[in-house]
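Student: Dropping the sequence and predicted coords here.
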Amino acid sequence: MSSLKPIQGLHHISIVSANAQRTVNFYTQVLGLRFVKKTVNFDDPESYHLYFGDEVGHPGTAITFFEWPHAPKGHPGIGGTHHVALIAPDYNALLKWKRRLTDLGLSVDGPLDRHYFKSIYFNDPDGTILEIATLGPGWTIDEAADALGSTHIDPPAQMIVNNRDEARIKAETWPEPVPTITDEMALKRGMHHITAIATDIQRTHAFLGELLGLRRVKMTSNFDDPTSAHWYWGVEDGRPGTLITYFERKPEREQRVRMGAGQTHHYAFAVPDEESQLAWRERLVKAGLRVTPVLDRIYFKSIYTNDPDGHIVELATAGPGFTVDESVSELGQNLKLPPWLERNRAEIERILRPITVPGWSPAEPQA
């Protein structure tokens, strides 16, 4: 299997939205992401598929949404995703985000010390749990670089105590209003990590670490529930943008995921090319997993499987990317359909609710 090349990191995460326009407004105007593609769910072309990311939606920056207008509210649980985290470069940027979001009327939890980074939590309009996390201090704060993920390490006791000091945490914010997203705080660096929920962390490691070849970079506990394991996997040294993490929860205490608005449909890893994707498919099939045929998503090719608890996991090619059918300056401005759906354009446009798309200038992040 010489064409089997390592997974490169995260590719995208796809979440359910109940209202496309509301989602566009939040992710562009509140968070300052670029709207890079307006298309439809290729498997359900009467619903939107919206993509947000950096200037061109590079793998690892892409957050995507299926619009299901009548979807019930989803809920995290076993076999689903708990939250997705975006990158803030440092603590000052994190505090600026807290001030910006609270001034806009959002409820923000944190900043909380996660030992390996600091972060804040809030919800998008559908209830999706979003985190913004700093780049450092990183995994080597309590393990040598060549021994990452080899030993279970409990969260520092004093840190847990500090994270319960609600008055101090509430007061910790940027002193001035932040009406504009400055370049140094812009979320252009993409995803920090994705966190999902499993029932057996060792079985999850067999899937992510042994089968998919990701490196386990940390074995610790959920800092908010020290009785629950929390493991991290990534590429190379576990750099942000490659990280997938799982909470281990007991089935008798944790419900299964409820799919719906605000809940993740699937997350995707990036593989370098189509040849490698075929090799990965062969490996997954030989391991006895359900795997789809290769599907053409125009902007990448995809295969889908499931983690041991049923979460849909995609392996998507890094290219050709979102500029295959639009110039960089025009990304997201027009409804793009795959060639096999063009004959149905009039009917599709009649069914979809029109949405207003904001302009974009890389020199002036959206505020």
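Tutor: The structure has been received and is ready for your questions. Numbering: from 1, shown residues only.
Student: isn't Arg281 right up against Val294?
Tutor: Yes - using Cβ atoms under 8 Å, Arg281 is in contact with Val294, at 7.0 Å. C-beta coordinates here come from the backbone N, C-alpha and C atoms, glycine included.
Student: Does Pro155 belong to a helix, a strand or coil?
Tutor: Recorded secondary structure, Pro155: coil (DSSP: H, G, I helix; E, B strand; the rest coil).
Student: what's near enough to touch Arg168?
Tutor: Residues in contact with Arg168 (Cβ atoms under 8 Å, 6 or more residues apart in numbering) are Asn162.
Student: Just say helix, strand or coil for it.
Tutor: helix.
Student: Neighbour count for Arg281 and Val294, which is higher?
Tutor: Arg281 (19 against 15; other Cβ atoms under 10 Å).
Student: In a strand, the more buried one, correct?
Tutor: No - read with three-state DSSP, Arg281 is helix and lies in no strand.
Student: measure it to Leu214 for me?
Tutor: 17 Å (Cβ to Cβ, to the nearest Å).
Student: Wait, Phe223 touches Tyr116, no?
Tutor: No - look at Phe223 against Tyr116 with Cβ under 8 Å: they stay out of range, at 10.2 Å.
Student: more neighbours, these two?
Tutor: Legend: neighbour count by other Cβ under 10 Å for Phe223 and Tyr116, higher for Tyr116 (21 against 18).
Student: Is it correct that that one is in contact with Leu135?
Tutor: No - if you go by Cβ under 8 Å, Tyr116 and Leu135 don't touch, sitting 10.1 Å apart.
Student: Looking at stretch 91-98 now, give me its mean pLDDT.
Tutor: The average pLDDT for stretch 91-98 rounds to 98.
Student: And stretch 318-337, by the same measure?
Tutor: For stretch 318-337, the per-residue pLDDT averages 97.
Student: what's near enough to touch Leu94?
Tutor: Applying Cβ under 8 Å, 6+ apart, the residues contacting Leu94 are 88, 111, 118-120, 132-134.
Student: quick one: which of the residues you listed is nearest Leu243?
Tutor: Ala133 (9.6 Å; Cβ to Cβ).
Student: looking at the sheet around Gly234, what are its partners?
Tutor: When assigned by DSSP bridges, Gly234 has beta-bridge partners Arg215.
Student: Could you measure from it over to Phe269?
Tutor: 11 Å.
Student: which residues do those two both contact?
Tutor: In contact with both Gly234 and Phe269: 9, 244, using Cβ under 8 Å, 6+ apart.
Student: wait, doesn't Ala316 sit right on Ile298?
Tutor: No - Ala316 is beyond contact range of Ile298, at 11.6 Å (criterion: Cβ under 8 Å).
Student: Who has more neighbours out of the two?
Tutor: A count of neighbours by other Cβ under 10 Å puts Ala316 above the other of Ala316 and Ile298, at 23 against 17.
Student: Most neighbours of all the contacts of Leu94, which one?
Tutor: The most neighbours, when the contacts of Leu94 are compared by other Cβ under 10 Å, belong to Ala88, which has 29 neighbours.
Student: pretty sure it is in contact with Glu131, am I right?
Tutor: No - using Cβ under 8 Å as the test, Ala88 is too far from Glu131 to be in contact (9.9 Å).
Student: those helices in the stretch 251-367 of the chain, which residues are they?
Tutor: Using DSSP state H, counting those that start in this stretch, the helices of the stretch 251-367 of the chain run over residues 274-286, 345-351.
Student: thinking again about what came up before, looking at the contacts of Leu94, which one is closest to Met185?
Tutor: Ala88 (6.5 Å).
Student: Identify the residues contacting the closest one.
Tutor: So Ala88 contacts 94, 97, 132-135, 185, 187 (Cβ under 8 Å, 6+ apart).
Student: re earlier: want to try a markdown table for the helices of the stretch 251-367 of the chain, with distance to Ser150 and mean pLDDT as columns?
Tutor: Below are the helices of the stretch 251-367 of the chain laid out as a markdown table (distance: least, Cβ to Cβ, whole Å; pLDDT from 0 to 100):
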| stretch | distance to Ser150 | mean pLDDT |
| --- | --- | --- |
| helix 274-286 | 25 | 98 |
| helix 345-351 | 52 | 98 |
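Student: I'd like to know which of the ones you listed lies nearest to Pro72.
Tutor: Of the helices of the stretch 251-367 of the chain, nearest to Pro72 by Cβ to Cβ is helix 345-351, at 20.8 Å.
Student: Pull out the CA atoms of the worst-scoring helix or strand of the chain on mean pLDDT and give them to me as PDB.
Tutor: Least confident helix or strand of the chain, by mean pLDDT, DSSP states H and E, is helix 157-162 with a mean of 92. The C-alpha trace of helix 157-162 is given here as PDB (Å, rounded to 0.1, in the frame of the first residue of the first chain):
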ATOM      1  CA  ALA A 157      -5.300  20.600  41.100                       C
ATOM      2  CA  GLN A 158      -4.700  24.300  41.500                       C
ATOM      3  CA  MET A 159      -5.800  24.900  37.900                       C
ATOM      4  CA  ILE A 160      -9.100  23.200  38.600                       C
ATOM      5  CA  VAL A 161      -9.600  25.400  41.700                       C
ATOM      6  CA  ASN A 162      -8.800  28.500  39.700                       C
END
